[in-house]
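> structure of the sequence below:
(one chain, ligands or ions: 4)
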Amino acid sequence: MNKPFFPHTAHSACPHDCPSTCALDIEVLAADRIGRVRGAEENSYTAGVICAKVARYAERLHHPGRLLKPMRRLGAKGEGAWGEISWEDALDLVAERFVAAEQRHGAEAVWPYFYAGTMGLVQRDGINRLRHAKRYSGQFDSICTNMAWTGWVAGAGTLRGSDPREMASSDCIVIWGTNAVATQVNVMTHAVRARKERGARIVAIDIYDNATMRQADMALKLRPGTDGALACAAMHVAFRDGHADRDYLATYTDDPAGLEAHLASRDPAWAAGITGLSVDEIEAFARLVGTTPRTFFRLGYGFTRQRNGAPAMHAALSLPAVLGSWRHEGGGAFHSNSDIFRLDKSEIMGALDRDPGVRHLDQSRLGPVLTNEPDALFGGPPVTAMLVQNTNPANVCPEQRKVRAGLMRDDLFVCVHEQFMTDTAKLADLVLPATMFPEHDDIYRGGGQNHILLGPKVVEPPETVRTNHFVVEELAKRLGVADRPGFGRTERELIDAMLLTSGRGTLAELEAGRWIDCQPDFADAHFLNGFAWTDGKFRFKPDWAGMAAPNRPPPSMGLQGPHDRLGGFPDHLAVIEETDAEHPFRLATSPARQFLNSTFAETKGSRTREGRPEAMIHVEDAERLGIAEGDVVALGNARGSVRLHAKVTDVAKPGVVIHEGLWANGDFLDGEGINVLTGADPVAPFGGAAFHDNKVWMRREG
Ligand SMILES: Nc1nc2c(c(=O)[nH]1)N[C@H]1C(S)=C(S)[C@@H](COP(=O)(O)OP(=O)(O)OC[C@H]3O[C@@H](n4cnc5c(=O)[nH]c(N)nc54)[C@H](O)[C@@H]3O)O[C@H]1N2
Ligand SMILES: Nc1nc2c(c(=O)[nH]1)N[C@H]1C(S)=C(S)[C@@H](COP(=O)(O)OP(=O)(O)OC[C@H]3O[C@@H](n4cnc5c(=O)[nH]c(N)nc54)[C@H](O)[C@@H]3O)O[C@H]1N2
Ligand code: SF4
Ligand SMILES: [Mo]
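Numbers count the residues shown, from 1 in each chain. Ligands and ions are numbered 1, 2, ... in the order given. The predicted structure is shown next:
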């Protein structure tokens with residue numbers, strides 16, 4: 001890809017954990033310098049549009065605060081005194097500490113810990129190769145998708161759905177529990193096009209008037225954790241008013257008669273009492289979707305970050321099945337395409353070495369794990385050594401006080417491989433500087449769309465930073481496993497081999513074509529050949545405990561949360577953190593537009609636009625508590641408390657508080673972030689973190 005002249009435009013893909021996975025055109029100004037980043041016009045999903053934060057990526061790549069040298073802790077943990085160390089010595093130190101941990105407590109005392117700072121399959125998942133080769137503790141990934149995917153699969157049997165580009169031919173688009181304007185802007189590109197070109201109506205369902213709600217023709221603002229009730233009432237109306245597609249139901253679903261009988265008592269008045277919506281709002285929604293065959297349900301993650309998130313997703317997905325929306329072009333539903341790509345990652349992951357007998361630990365329960373809570377350790381040894389890549393758990397993980405207490409343990413060695421001195425890096429023993437996506441080769445899949453995309457190296461990294469791949473490979477050499485399958489190959493070799501074994505061509509072909517469109521044909525995407533169960537029928541009555549699902553925990557962990565409360569037909573499941581006398585408010589920690597999880601909270605462009613950490617408080621609540629705009633308030637619950645500034649508004653319902661993040665912990669008045677308040681208790685039935693489901697107290701602090 002090296003071109004002798006500058007500037008030129010290089011092709012890439014966005015590496016962030018965002019369903020859009022945009023195809024990018026990067027302006028390359030010099031061998032080591034980028035300019036503007038744009039969305040690829042020729043990509044049918046990206047369609048030339050990307051978010052502002054990635055358009056400004058030069059600000060991040062060339063940030064003066066970027067980590068450039070390996071650094072060893074000098075003072076006490078978290079004190080901030082660092083000394084430079086060479087790469088060789090740093091890697092030797094990690095290996096030495098991993099070996100020591102293994103000798104003392106066994107290999108399961110080492111926990112490689114990662115997530116989705118980059119979604120590139122090589123740079124993200126390669127850490128598992130080292131894990132499996134060494135029999136280190138497994139990671140049960142639970143922080144993001146569990147409730148959403150579980151709820152979808154419970155009904156449809158697999159993760160795919162109507163082509164997201166089909167929204168262009170929809171007459172109604174229901175954007176349910178996703179703040180698409182902020183979190184996946186391309187949904188809006190396609191939805192707004194349908195509105196312009198064919199007068200499509202856009203419905204948004206959320207708990208506050210975020211940017212997406214403000215763009216909607218119908219904005220349904222409900223109480224957090226009550227989406228199941230809304231879905232039930234809409235299905236009740238469909239049966240009541242003759243909008244249920246009975247032919248479709250008979251062919252494609254398991255028990256329509258049972259569902260109809262069950263819903264008889266779930267009418268709009270019932271749902272109004274639960275959701276806080278008016279009966280009129282619910283009737284109007286039900287009528288709109290019931291009388292618009294080409295209704296596209298775009299179901300997001302946000303509404304599933306509640307303790308009833310899995311059944312809520314399943315209830316919402318049941319609605320298009322009742323209406324038969326799946327039959328129509330521009331109709332049906334979509335959440336994730338995770339199952340369509342079929343890329344065989346075994347080599348990258350070192351799957352041949354995976355030992356099912358090795359203990360798994362829950363990623364979201366990092367706090368309880370590191371503070372040695374027995375049920376979090378699953379009978380194994382304490383964790384005494386970690387390598388952290390692509391994630392910032394001291395900021396993003398629930399029960400932050402426990403995470404911090406754990407990371408501060410003197411008997412724990414933590415190496416953090418990072419691009420910035422994050423909240424997590426600050427607590428490490430060793431910090432290694434990492435490349436950014438334009439500086440390394442990788443391959444990406446679009447969870448919220450249909451392409452596999454290549455993101456090749458387009459500029460040279462600073463001389464002293466290294467890729468995740470390099471760190472994994474070098475540690476493997478020092479730990480004696482470099483001869484195991486998957487090791488000893490370059491990123492490009494791994495990508496090429498994976499494409500070949502997966503029947504997706506070669507790297508050279510992908511490089512020439514930029515992306516591969518993996519969209520299944522219409523009938524498959526719309527499940528017109530049946531849903532992914534042996535009898536082909538959508539499950540209104542899922543087998544929660546018995547089903548296979550992508551996020552199902554390994555048998556050693558078993559079912560999670562109050563799973564025995566799940567069962568039967570769609571309903572409102574009252575397992576959320578209801579308010580009580582001591583905690584009269586419900587707090588949601590919704591993503592900010594200019595940040596991506598904790599990423600971009602370090603760039604000036606994003607920080608200036610976001611302002612400062614705030615609690616959005618309803619005017620009525622503020623008046624009652626004597627809180628004025630800009631006052632300092634404390635929010636708290638049994639897990640702890642944080643102080644931040646008040647923003648008095650009517651964007652959410654009274655009793656609901658919204659905080660948009662993720663701000664760095666240090667941006668809060670007491671140096672502790674919003675995840676002090678969120679719970680790490682696993683959500684039923686397959687785990688996950690309920691980030692938007694928190695009961696809190698609130699008081700004015702001055
Ligand atoms: N700008 C930006 N973009 C992002 C991210 C980010 O942090 N910032 N994060 C990325 C990641 S990792 C992911 S997984 C995706 C997630 O993207 P989304 O699918 O959009 O999910 P969330 O952002 O968690 O929440 C979306 C909306 O759901 C609302 N919500 C909360 N509880 C409820 C409820 O009970 N019912 C309903 N109807 N709505 C509710 C929230 O207030 C929020 O407005 O976005 C990605 N994109
Ligand atoms: N309160 C609250 N908490 C939340 C959420 C919420 O809605 N509310 N959302 C949750 C969700 S959905 C998710 S997915 C998690 C996400 O949590 P994380 O995966 O931790 O989120 P990110 O901030 O996207 O990425 C973490 C780090 O990866 C680093 N990174 C990026 N690329 C590379 C690389 O190539 N190499 C290395 N070594 N590092 C790299 C970045 O610098 C960044 O610091 O957060 C969860 N936490
Ligand atoms: S963060 Fe999302 S919307 Fe922004 S460029 Fe990346 S994939 Fe596209
Ligand atoms: Mo996520």
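> and the helix or strand where Arg195 lies, average pLDDT?
Here Arg195, judged by DSSP states H and E, is contained in helix 185-198. For helix 185-198, the mean per-residue pLDDT is 96.
> quick one: the helices in the stretch 201-350 of the chain?
Using DSSP state H, counting those that start in this stretch, the helices found in the stretch 201-350 of the chain span residues 211-215, 227-240, 246-252, 256-263, 268-275, 279-291, 309-323, 346-349.
> ok, and what's touching the first one?
In this case it means helix 211-215. 175, 178-182, 188, 192, 202, 204, 206, 219, 221, 593 (Cβ atoms under 8 Å, 6 or more residues apart in numbering). No exception for glycine: its C-beta is placed from N, CA and C like everyone else's.
> what about that helix, distance to the chain center?
From the chain centre to the centre of helix 211-215 is a distance of 21 Å (Cα atoms, centre = their mean, to the nearest Å).
> likewise for the second one?
When distances are taken as Cα atoms, centre = their mean, helix 227-240 is centred 28 Å away from the chain's centroid.
> likewise the longest one?
Taking the mean of its C-alpha atoms, helix 309-323 sits 20 Å from the chain's own mean (Cα atoms, centre = their mean).
> any part of it near ligand 2?
No. Using Cβ under 6 Å from any ligand atom, helix 309-323 never reaches ligand 2; the gap is at least 11.8 Å.
> what angle sits between that helix and helix 227-240?
20 degrees (axes from the mean of the first three to the mean of the last three Cα atoms, to 10 degrees).
> for helix 309-323, packing partners?
Counting contacts by 3 or more Cβ pairs under 8 Å, 6 or more residues apart in numbering; DSSP states H and E, helix 309-323 is packed against helix 146-156, helix 227-240, helix 246-252, helix 256-263, helix 279-291, strand 295-299, strand 332-334.
> quick one: strands adjacent to the last one?
Using DSSP bridges, the neighbouring strands of strand 332-334 in the sheet come out as strand 295-299 (parallel).
> with just CA atoms, put the partner strand into PDB.
The C-alpha coordinates for strand 295-299 follow below in PDB (Å, rounded to 0.1, in the frame of the first residue of the first chain):
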ATOM      1  CA  THR A 295     -42.500  -1.800   9.200                       C
ATOM      2  CA  PHE A 296     -38.800  -2.300  10.000                       C
ATOM      3  CA  PHE A 297     -38.000  -2.900  13.700                       C
ATOM      4  CA  ARG A 298     -34.400  -1.800  14.400                       C
ATOM      5  CA  LEU A 299     -33.900  -3.200  17.900                       C
END
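> distance check, Thr189 against Asp423.
According to Cβ to Cβ, to the nearest Å, Thr189 and Asp423 sit 34 Å apart.
> which of those two has more residues huddled nearby?
Asp423 (27 against 21; other Cβ atoms under 10 Å).
> and the pLDDT at that one?
98.
> now it: how far from Asp411?
Counting by Cβ to Cβ - Asp423 and Asp411 are separated by 21 Å.
> residue ranges of each domain in this protein, please.
If you go by automatic domain parsing, the domain ranges for the chain are 71-136+349-434+465-501, 147-338+523-565, 585-700.
> let's have those in JSON lines, adding distance to ligand 3.
Formatted as JSON lines, the domains of the chain follow (distance: least, Cβ to the nearest ligand atom, whole Å):
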{"stretch": "domain 71-136+349-434+465-501", "distance to ligand 3": "9"}
{"stretch": "domain 147-338+523-565", "distance to ligand 3": "5"}
{"stretch": "domain 585-700", "distance to ligand 3": "6"}
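> can you give me the end-to-end span of stretch 679-695?
Using Cα to Cα, to the nearest Å, the end-to-end distance of stretch 679-695 comes to 10 Å.
> near ligand 1 at all, it?
Yes. Judged by Cβ under 6 Å from any ligand atom, stretch 679-695 comes into contact with ligand 1 at His692.
> tell me if that stretch is near ligand 2.
Yes. Contact between stretch 679-695 and ligand 2, assessed by Cβ under 6 Å from any ligand atom, occurs at Phe691.
> which stretches of the stretch 301-450 of the chain form strands?
Per DSSP state E, counting those that start in this stretch, the stretch 301-450 of the chain carries strands over the ranges 332-334, 360-362, 385-389, 413-418, 430-433, 442-445.
> so where is this protein shaky, pLDDT-wise?
Applying pLDDT under 70 to the chain flags the ranges 1-3.
> quick check: closest non-adjacent residue to Asp209.
Distances taken as Cβ to Cβ, 6 or more residues apart in numbering place Val651 nearest to Asp209, at 4.4 Å, with adjacent residues excluded.
> burial of the residue in the stretch 401-550 of the chain positioned nearest to ligand 2, as a residue count?
For the stretch 401-550 of the chain, the residue closest to ligand 2 is Ala434, as judged by Cβ to the nearest ligand atom, at 3.5 Å. By other Cβ under 10 Å, 26 other residues sit near Ala434.
> next, the buried residues of stretch 342-354.
By neighbour count on 16 or more other Cβ atoms under 10 Å, the buried set for stretch 342-354 is 343-350, 353-354.
> before we move on, the earlier item: indicate which one of the helices of the stretch 201-350 of the chain is closest to Ile143.
helix 309-323 (13.0 Å; Cβ to Cβ).
> tell me if that closest one is near ligand 1.
No. Against ligand 1, helix 309-323 shows no contacts by Cβ under 6 Å from any ligand atom, the least distance being 7.1 Å.
> just the CA trace of that helix, in PDB.
The C-alpha coordinates for helix 309-323 follow below in PDB (Å, rounded to 0.1, in the frame of the first residue of the first chain):
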ATOM      1  CA  GLY A 309     -33.300  -7.200  29.100                       C
ATOM      2  CA  ALA A 310     -33.300 -10.600  27.500                       C
ATOM      3  CA  PRO A 311     -37.100 -11.100  27.800                       C
ATOM      4  CA  ALA A 312     -37.600  -7.500  26.800                       C
ATOM      5  CA  MET A 313     -35.700  -8.100  23.500                       C
ATOM      6  CA  HIS A 314     -37.600 -11.300  23.000                       C
ATOM      7  CA  ALA A 315     -41.000  -9.500  23.600                       C
ATOM      8  CA  ALA A 316     -40.000  -6.700  21.100                       C
ATOM      9  CA  LEU A 317     -39.000  -9.300  18.500                       C
ATOM     10  CA  SER A 318     -42.300 -11.100  19.000                       C
ATOM     11  CA  LEU A 319     -44.200  -8.100  17.600                       C
ATOM     12  CA  PRO A 320     -43.000  -8.300  14.000                       C
ATOM     13  CA  ALA A 321     -43.800 -12.100  14.200                       C
ATOM     14  CA  VAL A 322     -47.400 -11.300  15.200                       C
ATOM     15  CA  LEU A 323     -47.800  -8.700  12.500                       C
END
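> list the buried residues of that helix.
309-323.
> about what we covered before: adding mean neighbour count, write the strands of the stretch 301-450 of the chain out as TSV.
What follows is the strands of the stretch 301-450 of the chain, written out as TSV (neighbours: other Cβ atoms under 10 Å):
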stretch	mean neighbour count
strand 332-334	26
strand 360-362	21
strand 385-389	26
strand 413-418	26
strand 430-433	24
strand 442-445	26
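> tell me which of the ones you listed lies nearest to Ile127.
That would be strand 385-389 among the strands of the stretch 301-450 of the chain, by Cβ to Cβ, at 5.5 Å.
> ok, that closest one: who's next to it in the sheet?
Per DSSP bridges, strand 385-389 is paired in its sheet with strand 110-114 (parallel), strand 413-418 (parallel).
> show me what the residue of the stretch 401-550 of the chain closest to ligand 2 bridges to in the sheet.
Arg466.
> my read is that it contacts Val465, right?
Yes. Here Ala434 reaches Val465: they are 6.1 Å apart, a contact under Cβ atoms under 8 Å.
> shared neighbours, the two?
Shared contacts of Ala434 and Val465, counting by Cβ under 8 Å, 6+ apart, come down to Leu67.
> count of neighbours near the nearest residue to Asp650 once chain neighbours are set aside?
Spatial nearest neighbour of Asp650, excluding adjacent residues (Cβ to Cβ, 6+ apart): Val619 at 5.5 Å. For Val619, the tally of surrounding residues (other Cβ under 10 Å) stands at 13.
> that concludes my questions; thank you for your assistance.
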